[in-house]
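> Quick one: sequence plus predicted model below, questions after.
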Amino acid sequence: MSLVVRNPPRAPLAHADALAALGVATVHEAQDRTGLLDPALRPVYPGARVCGTAVTVSVPPGDNWMIHVAVEQCRPGDLLVVAPTSASAAGYVGELLATALAARGVRGIVIDAGCRDVAELRAMGFPVWARHVSAYGTVKETLGDVNVPLVCAGRLVTPGDPVLADDDGVVVVPRARARDVIDASHARETKEETSRARYRAGALSLDTGTMRERLAAKGLTYRDHAEAED
Ligand SMILES: O=C([O-])CC(=O)C(=O)O
Ligand SMILES: [Mg+2]
């Protein structure tokens, strides 16, 4: 059976916006190093960072019909998350679908398959994270599902979850945890700002925590070169 779920609950856009101000690495760390999609998913052009609420699309290999179905379900602030039911390197999405999605206020696409029209996407400023860049075309023959929970690049994405993507990769934040993850991310940023200021002033990371003691406890020894020659 194929299914399109209309109007799933979504994380508040304020949560997506707060996450977009943070980096993928920070958010991934702040949620206990969970939620990171397979790092083989790369931005098709560098420099973008977006966070949107997931509209999920489960597609058959080599068939992008359900992506056209999904466009209608998108709202401003969403991000399209596409996963094929078995591996495919075909170019499912390009500038035409991106144009339709952008007109609905969609912030980007994450796809565990191929993307094409990279130059046009860059010129439009519509970011896509994909496993492959491929001009290979798709057909419109077989049904799939829209807005059902799915696994994309190794991680469970539930419709409405905020999904954050930047040059470091893609991380999904379970909707119910978003507020706590934002708070933990801000705490982490504050801690990193303190470390940054210390490093700028010449401090060593070895001395700002307990690393030296722990290295010694593990038996790390230092010897001057001249001594080592003896
Ligand atoms: O039309 C397609 O199948 C994918 C594409 O190239 C586009 O969206 O521009
Ligand atoms: Mg095209």
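Cool, the structure landed. Ligands and ions are numbered 1, 2, ... in the order given.
> Distance check, whatever residue of the chain ends up closest to ligand 2 against residue 123.
Going by C-beta to the ion, ligand 2 is nearest to residue 94 of the chain, at 3.2 Å. C-beta here means a position set from N, CA and C on the backbone, and glycine is covered the same way. Per C-beta to C-beta, to the nearest Å, residue 94 is found 12 Å from residue 123.
> Ok, residue 130 next?
17 Å.
> More neighbours: those two, which one.
residue 130 (26 against 11; other C-beta atoms under 10 Å).
> Quick one: neighbours of the residue of the chain closest to ligand 2, just the number.
Neighbour count for residue 94, taken as other C-beta under 10 Å: 20.
> which residues touch it?
For residue 94, the contacting residues are 115-117, 120-121, by C-beta atoms under 8 Å, 6 or more residues apart in numbering.
> Quick check, pLDDT for residue 230.
pLDDT recorded at residue 230 is 58.
> top strand in this protein by residue count?
Ranked by residue count under DSSP state E, the longest strand found in the chain is strand 50-59.
> mind saving the C-alpha coords of that one as CSV?
Extracted in CSV, the C-alpha atoms of strand 50-59 (Å, rounded to 0.1, in the frame of the first residue of the first chain):
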residue,chain,number,x,y,z
VAL,A,50,19.8,25.2,6.5
CYS,A,51,17.4,23.6,8.9
GLY,A,52,13.8,22.7,8.0
THR,A,53,11.1,20.4,9.2
ALA,A,54,11.2,17.0,7.4
VAL,A,55,8.8,16.1,4.7
THR,A,56,9.8,12.5,4.0
VAL,A,57,9.6,10.7,0.7
SER,A,58,10.2,7.0,0.2
VAL,A,59,10.9,6.3,-3.4
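> State the distance from the closest residue to residue 98 other than its chain neighbours to residue 143.
In this structure, residue 98 finds its nearest non-sequential neighbour in residue 126, 4.3 Å apart by C-beta to C-beta, 6 or more residues apart in numbering. Going from residue 126 to residue 143 by C-beta to C-beta gives 26 Å.
> and what of residue 176?
30 Å.
> okay, those two: which has more neighbours?
Neighbour comparison, residue 176 and residue 143: the larger count goes to residue 143, with 16 against 10 (by other C-beta under 10 Å).
> Quick check: that one touching residue 2?
Yes: counting by C-beta atoms under 8 Å, residue 143 touches residue 2, with 3.7 Å between them.
> Sounds good, over and out.
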